[in-house]
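Peer 1: Pasting the sequence and the predicted coordinates here, then a few questions.
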Amino acid sequence: MKNNRTREISKGGIYGGSIALLLNVIYQWNAIKEDPNLDFDLNSVIKSTLQGAVIGASITSFWLLIISLFESGDIDESDIDEVTYLSSVVTSCKMDNFDQKTLRKSLRIKKALKKRYHSEILGRPTHQGSVKQKTSVTKISDFDIRISFKKTSFRTLEEMYYSVLDYFRYEFEDTDLIKVRKQRRSIGLIYNIDGEKTCIDVVPGRRTDFRKGGNEYHLYENPENIFGNASRIKMNPYKQEDFGDNVNDKREIIKLLKILREKKDVPMKSILIKELTKKALENINYFNSTIIGNLKITLKYIIDNIETIRIVSPDNTNNVISELMSNREKTESKEILKDVLNNIENDPRCLREYFPSMDLF
């Protein structure tokens, strides 16, 4: 269907350019008839043709979208407002002033890590997670930083982890940094910015082998309790960042579900929201897809599957992320989302309650 849409838009551009070319030639022909001293302006013809092609393609694209929405049978006239509203909510997820200040802190952290470990790391420390994947939501999403060490940098993963932890505890200086927290696989840096607390997570990883271009790393995993044992877990940042097809559609829904999670206290981690959304929308018809349609498809998919589905991490088949939720949390999430879906289908005005603009959050 993508090819059909592209072909129709191309036709629109050709028609628009041809009409513009014809009108320009007729206009110049008449002008020369009135004043024989005038020369035929080829540049004017080319410019008019290009402008006509752009206008023709744009108009065709717009009408193809409108026609497809109504012909699909998935929406009616009232859905146009739903699409507009949800699109505006997604737009409101952009960074606000607080996020910009937090971002500047994260850039300072990356620079400091690069200076401290310059000979022991691969490349530069980089953002990962929702910021890198473009699914972050202002006031909700944290900033994650990955620092990638060479295989020979440390004798053990434990040494690697505690080296970075101790660096922030005893060497790194920032008056807004109020706490350095040991976490399961990362180091949490708690900042006080304008009177509000926010966390920036630093994730140390060590390359698994010497293979050039290899993208697999091991993370150190702290024990869950005093009786547990430390372990390691494999990760591949490039596989984590893969969305498959229809990337922008999936990113939109992930952002909306993160807002809904905060609004309704849905006990579902971001990584599971992402993977469930990917599965729900992996076979959508791009030509007929709308943000409200995709949202309903995803909610229904989660409701139908959350209690039984087994989802593994895209970069590590031994990491079953569906087990991050207890059976109670899965049932609770299902019931909350079932109510949400029923209510927005019965009364679309509920969208404003469940998915408020982040400008007003």
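Peer 2: Now that the structure is in, tell me what you want to look at. Numbering: from 1, shown residues only.
Peer 1: What segments of the stretch 101-250 of the chain are helices?
Peer 2: 130-133, 157-166, 237-240, 247-264 (DSSP state H, counting those that start in this stretch).
Peer 1: Run through the residues that contact the closest residue to R207 other than its chain neighbours.
Peer 2: Sequence neighbours aside, K151 is the residue nearest to R207 in space, at 4.6 Å (criterion: CB to CB, 6 or more residues apart in numbering). In this view, the C-beta of every residue, glycine as well, is placed from N, C-alpha and C. For K151, the contact set (CB atoms under 8 Å, 6 or more residues apart in numbering) comprises 206-210.
Peer 1: hmm, which of those residues are the buried ones?
Peer 2: 206-208 (16 or more other CB atoms under 10 Å).
Peer 1: From these, pick the one nearest G244.
Peer 2: When those are compared for distance to G244 (CB to CB), T208 wins out at 24.6 Å.
Peer 1: Please give me every residue in contact with L295.
Peer 2: 86, 253, 256.
Peer 1: Swap in 6 Å and give it another go.
Peer 2: Taking CB atoms under 6 Å, 6 or more residues apart in numbering, we find L295 in contact with 253, 256.
Peer 1: And for S153?
Peer 2: S153 makes contact with E120 under the criterion CB under 6 Å, 6+ apart.
Peer 1: From R185, how far off is it?
Peer 2: The spacing between S153 and R185, counted by CB to CB, to the nearest Å, is 17 Å.
Peer 1: I'd say V202 and I145 touch.
Peer 2: Yes - counting by CB atoms under 6 Å, V202 touches I145, with 5.0 Å between them.
Peer 1: Work out which residue lies at the spatial centre of this protein.
Peer 2: Nearest to the mean C-alpha position of the chain, by CA atoms, centre = their mean, lies T135 at 2.6 Å.
Peer 1: V320 is nearest to which of the helices of the stretch 101-250 of the chain?
Peer 2: Between V320 and these, the shortest separation by CB to CB is 15.3 Å, and it involves helix 237-240.
Peer 1: Show me what the closest one is packed against.
Peer 2: Contact here means 3 or more CB pairs under 6 Å, 6 or more residues apart in numbering; DSSP states H and E; on that basis helix 237-240 packs against no helix or strand.
Peer 1: Show me what stretch 233-243 is in contact with.
Peer 2: With CB under 6 Å, 6+ apart, stretch 233-243 has contacts from 128, 133, 215-219, 221, 250, 314-316.
Peer 1: If any of those are buried, put those into a ChimeraX selection.
Peer 2: Command for ChimeraX that selects the buried part of these, burial taken from 16+ other CB under 10 Å:
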select :128,133,216,217,218,219,221,250,314,315,316
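Peer 1: Closest one to G13 out of the contacts of stretch 233-243, please.
Peer 2: Of all the contacts of stretch 233-243, G13 sits closest to K250, with 28.5 Å by CB to CB.
Peer 1: can you pull the contacts of G205?
Peer 2: G205 is in contact with 148, 217, 219, counting by CB under 6 Å, 6+ apart.
Peer 1: Please name the spatially closest residue to the second one (chain neighbours excluded).
Peer 2: Spelled out, that is Y217. Using CB to CB, 6+ apart, the closest residue to Y217 is G205 (3.5 Å).
Peer 1: how near is the one you found to H218?
Peer 2: Taking CB to CB, one finds G205 at 7 Å from H218.
Peer 1: longest strand anywhere in this protein?
Peer 2: The residue-count maximum for a strand in the chain (DSSP state E) belongs to strand 196-207.
Peer 1: out of the contacts of G205, who's nearest L299?
Peer 2: Proximity of these to L299 was ranked by CB to CB; the top entry is L219 with 32.2 Å.
Peer 1: out of the helices of the stretch 101-250 of the chain, nearest to I193?
Peer 2: helix 130-133 (16.1 Å).
Peer 1: from the middle of its chain, how far away would the closest one be?
Peer 2: Mean-position distance between helix 130-133 and its chain equals 6 Å (CA atoms, centre = their mean, to the nearest Å).
Peer 1: Now it: average pLDDT?
Peer 2: Averaging pLDDT along helix 130-133 gives 90.
Peer 1: what's in contact with that helix?
Peer 2: Helix 130-133 has contacts (CB under 6 Å, 6+ apart) with 136, 141, 143, 241.
Peer 1: how near is the third one to L22?
Peer 2: Put plainly, it is F143. 55 Å.
Peer 1: hmm, back to that, could I get the buried ones among the contacts of K151 as TSV with pLDDT?
Peer 2: Below are the buried ones among the contacts of K151 laid out as TSV (pLDDT from 0 to 100):
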residue	pLDDT
R206	96
R207	95
T208	94
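Peer 1: wait, doesn't K338 sit right on I303?
Peer 2: Yes - at 5.2 Å, K338 and I303 qualify as touching, with contact defined as CB under 6 Å.
Peer 1: Compare neighbour counts for those two and give me the winner.
Peer 2: Taking other CB atoms under 10 Å, K338 and I303 do not tie; I303 has more neighbours (19 against 15).
Peer 1: so the more buried one sits in a helix?
Peer 2: Yes - according to DSSP: H, G, I helix; E, B strand; the rest coil, I303 belongs to a helix.
Peer 1: That one: what's it in contact with?
Peer 2: 334, 337-338.
Peer 1: again, only using 8 Å
Peer 2: By CB under 8 Å, 6+ apart, I303 lies in contact with 334, 337-338, 341.
Peer 1: From G214, how far out is it?
Peer 2: 40 Å.
Peer 1: Of the contacts of helix 130-133, which belong to strands?
Peer 2: Using DSSP E, F143 are the members of the contacts of helix 130-133 that sit in strands.
Peer 1: List only buried entries from the contacts of helix 130-133.
Peer 2: Neighbour-count burial (16+ other CB under 10 Å) is assigned, among the contacts of helix 130-133, to 136, 141, 143.
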